[in-house]
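sequence and predicted structure, then a few things I'm wondering about:
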Amino acid sequence: MFDQKLVEHCSAVLAGLKTANLFSYTVGPGDDVRQLVTDRNRTLNPKGITLFILKETNQNALIYVCRPGRLQADFQRECVKGFFKELWLQRIYCRKGNRYIKEKACKL
């Protein structure tokens, strides 16, 4: 079932068409999600793909599948840097027109 979900939700990453994706996996009886991820990483790491468990409960696991090399290259692109800078500014400050004001002073 794990492999089916992996292929179903992350085929674009596996095929090299996309940098990353994530999926929710419903943990079945006897499933050891950490071992499943470790086993898949053993197979996929040499192909440049890594799986991470972002969140795990007794019933579900949120799995992040990425190509770390491409992810690093994506973060070096100017448009991505600009996006994250804007996101950071919006988190720290409140935008008022063309200016940013400290969040505490911002009235929503």
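Sure thing, it's come through.

quick one, phi psi at the most centrally placed residue in the chain?
Centroid-nearest residue in the chain, with CA atoms, centre = their mean: Tyr64, separated by 4.9 Å. Main-chain torsions, Tyr64, degrees, to the nearest 10: phi -100, psi 130.

residue contacts, it?
Counting by CB atoms under 8 Å, 6 or more residues apart in numbering, Tyr64 touches Ala20, Asn21, Leu22, Leu51, Phe52, Ile53, Leu54. Every residue, glycine included, has its C-beta placed from N, CA and C.

let's see 6 Å
Leu22, Phe52, Leu54 (CB atoms under 6 Å, 6 or more residues apart in numbering).

ok, how many other residues are close to Leu51?
Neighbours of Leu51 under the rule other CB atoms under 10 Å: 21.

quick one: it from Thr43, how far?
Leu51 is 10 Å from Thr43, where distance means CB to CB, to the nearest Å.

one more: Gln72?
22 Å.

repeat for His9
17 Å.

these two - which one has more neighbours?
Using other CB under 10 Å, the more surrounded residue of His9 and Thr43 is His9, with 16 against 9.

now find how far off-centre the helix or strand that one falls within is within its chain.
Element membership for His9, per DSSP states H and E: helix 2-14. Chain-centre distance of helix 2-14: 14 Å, with CA atoms, centre = their mean, to the nearest Å.
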